[in-house]
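In: here is a sequence with its predicted model. Questions after.
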2 protein chains.
Amino acid sequence: MLTIGKLGASTGVKVPTIRYYEQIGLLPEAERSAGNQRLYSQKALELLAFIRHARDLGFTLEAIRDLLSLSDQPGQPCAAADAIVVAQLAEVESRLARLGALKVELQRILTQCAGGKIADCRVIEALGDHSLCATDHRYPDLGATT
Amino acid sequence: MLTIGKLGASTGVKVPTIRYYEQIGLLPEAERSAGNQRLYSQKALELLAFIRHARDLGFTLEAIRDLLSLSDQPGQPCAAADAIVVAQLAEVESRLARLGALKVELQRILTQCAGGKIADCRVIEALGDHSLCATDHRYPDLGATT
DNA sequence: CCTAAGTCTCTAGCAACTAGAGCTTCAAGA
DNA sequence: TCTTGAAGCTCTAGTTGCTAGAGACTTAGG
């Protein structure tokens, strides 16, 4: 049995984050010691490692929740789990495309700076006017992690 | 003079977002009509367009705040504005690298799925165990927009 | 037995919005 | 001129995925 601190250290997840996961029901409620401290089994460690890894891969907690409930139903076909990963891949690819466009645009903006005064700064100007842009980086918000 | 709705429509910024920007002091307080409705000048439109464009390029509101206060000091050298853009470019590049690694890993995980039952699903297994990974996608959090 | 580190609960905060309630104002048609 | 419906107003609270802090308690080592 591990204390929450050991569990955190061996999974790379911070202690308050573990408590947070429990609070939102992503982790089951931990057993408690006589003094009311959380105790974790090896199984809990594996579970948390799974979560950590999936987070590292950019999955949302909601997606992870789905993956976990799937993994509780070993008889079900694999397709649903697959679909979640495919969706995540699509998300990653779309962000990659968008970030690629941003990179180009930022580089372009930087080349315009002659190093003068702000009054005739191309950087500020370029930021102010989208029509000066070479690429169309105006996408609906992708706002998220990773 | 534009109402907030027109302003939103012509900049592509949602009405509540405009009010939010005013609330946090990114936009100056708008003039008001006799009936207390916000009215915006052409200048305000340009300002909001600047903000919108910078947001599209992934700048945080804090960075935008800095850029705006720089653009109020036309005599200052351009270097500070430049630095903000350089920092943003670095951020974008680091996210690109990370997302690239994630993409590779997700693709790899997907190739392992033979389409069977969850019980022997490689996808779930691969998600659970980082040591099965080909790349090291374990970076400290970059958590952010775009 | 004492101390220091670890743990507990609880609340509040971060970015950057978004959604909703319940009200007022405005513009256009009958 | 009246009326209706869209658009505006303020305010609060919710989103995601944590993080930080206060103030109290438990535990392990010396």
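Out: Received it, and whenever you're ready, just let me know what you need.

In: quick one: the strands in chain A?
Out: A:31-32, A:38-39 (DSSP state E).

In: would you tell me which one of those strands is buried the most?
Out: Comparing the strands of chain A by mean neighbour count (mean count of other C-beta atoms under 10 Å in any protein chain shown), strand A:38-39 comes out on top with a mean of 18. Bear in mind the C-beta positions are built from the backbone N, C-alpha and C, glycine included.

In: next up, the contacts around the one residue in chain A that gets nearest to DNA strand C.
Out: In chain A, the residue that lies nearest DNA strand C is A:G5 (2.5 Å; C-beta to the nearest atom of the strand). Counting by C-beta atoms under 8 Å, 6 or more residues apart in numbering or on different chains, A:G5 touches A:V15.

In: tell me the angle the longest helix along chain A makes with helix B:79-111.
Out: Using DSSP state H to define each element, chain A has its longest helix at helix A:79-111. Calculated by axes from the mean of the first three to the mean of the last three C-alpha atoms, to 10 degrees, helix A:79-111 forms an angle of 160 degrees with helix B:79-111.

In: gap between helix A:79-111 and the chain center?
Out: 13 Å (C-alpha atoms, centre = their mean, to the nearest Å).

In: does any bit of that helix sit next to DNA strand C?
Out: No. Helix A:79-111 lies out of reach of DNA strand C by C-beta under 7 Å from any atom of the strand, never closer than 14.1 Å.

In: that helix - contacts with which helices or strands?
Out: helix A:61-71, helix A:122-128, helix B:79-111, helix B:122-128 (3 or more C-beta pairs under 8 Å, 6 or more residues apart in numbering or on different chains; DSSP states H and E).

In: what comes up buried for the last one?
Out: The neighbour-count criterion (16 or more other C-beta atoms under 10 Å in any protein chain shown) identifies B:R122, B:V123, B:I124, B:A126, B:L127, B:G128 as the buried residues of helix B:122-128.

In: turn the strands of chain A into JSON lines, including distance to A:I18.
Out: Shown next, in JSON lines, are the strands of chain A (distance: least, C-beta to C-beta, whole Å):
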{"stretch": "strand A:31-32", "distance to A:I18": "14"}
{"stretch": "strand A:38-39", "distance to A:I18": "8"}
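
In: relative to B:Q37, which of these is closest?
Out: strand A:38-39 (54.0 Å; C-beta to C-beta).

In: so what secondary structure elements neighbour the closest one?
Out: By 3+ C-beta pairs under 8 Å, 6+ apart, strand A:38-39 packs against strand A:31-32.

In: other SSEs contacting the strand it packs on?
Out: strand A:38-39.

In: the strand it packs on: partners in the sheet, and parallel or antiparallel?
Out: strand A:31-32 (antiparallel) (DSSP bridges).

In: from the chain's centroid, how far away is the partner strand?
Out: 29 Å.

In: show me which residues of chain A sit near DNA strand C.
Out: So far as C-beta under 7 Å from any atom of the strand goes, chain A lies against DNA strand C at A:3-6, A:8, A:15-16, A:19, A:30, A:36-38, A:141, A:143.

In: right, and the pair among those residues with maximum separation?
Out: A:N36 and A:D141 (43.2 Å).

In: who's the closest spatial neighbour of A:A87, skipping the chain neighbours?
Out: A:A63 (7.6 Å; C-beta to C-beta, 6 or more residues apart in numbering or on different chains).
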